[in-house]
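>>> Requesting a structural model of the entry that follows:
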Amino acid sequence: MLKRMIHFLLLPCSQTTLLIEMQQSGQLSFIQKLRLKLHLAICKWCRAYQKKSAYLDKILLKNIHKENIEIINDFDIEQLKGKIREKIKNN
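Below is the predicted model:
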């Protein structure tokens, strides 16, 4: 019983990184928060990943607000896709 509980609570690093990203956007349930906290308590690599992820999010948000980046519409995206397809065909 205890072994199952420990296995349930402790996440592998691959799942932990996903929870770290979800945490940045505030999408974690109570159980997910608990599992993330337990994993971060024992894994220095995931703690480092969490710090780097938070830092990158902070920088990106700061730069987006600084530059007042325009929202890209579907037409612009399709134009870009067309240009990429042409470049690929020509090479």
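>>> can you give me the helices for this structure?
Listed in chain order, the helices of the chain (DSSP state H) span 2-9, 13-24, 30-42, 44-67, 74-90.
>>> Same list (these) but as a markdown table, adding mean neighbour count and mean pLDDT.
C-beta coordinates here come from the backbone N, C-alpha and C atoms, glycine included. Listed next are the helices of the chain as a markdown table, based on neighbours: other Cβ atoms under 10 Å; pLDDT from 0 to 100:
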| stretch | mean neighbour count | mean pLDDT |
| --- | --- | --- |
| helix 2-9 | 9 | 63 |
| helix 13-24 | 15 | 91 |
| helix 30-42 | 14 | 92 |
| helix 44-67 | 12 | 85 |
| helix 74-90 | 9 | 81 |
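>>> Check whether Q24 really touches K51, as I assumed.
No: taking contacts as Cβ atoms under 8 Å, Q24 lies outside contact range of K51: 11.9 Å.
>>> and stretch 80-91, how far from the chain's centre?
In terms of Cα atoms, centre = their mean, to the nearest Å, the centre of stretch 80-91 is found 29 Å from the chain centre.
>>> meant to ask about stretch 77-91, not that
28 Å.
>>> before we move on, what about stretch 32-48?
Computed by Cα atoms, centre = their mean, the chain-centroid distance of stretch 32-48 equals 15 Å.
>>> Can you give me the distance of the residue most central in space within the chain to Q27?
Nearest residue to the geometric centre of the chain (Cα atoms, centre = their mean): E21, 3.4 Å. For E21, the distance to Q27 equals 9 Å [Cβ to Cβ, to the nearest Å].
>>> State the distance from G82 to K89.
In terms of Cβ to Cβ, G82 sits 11 Å off from K89.
>>> that older thread, isn't the residue nearest to the centre of the chain right next to L56, touching?
No: at 10.6 Å, E21 does not count as touching L56 under the criterion of Cβ under 8 Å.
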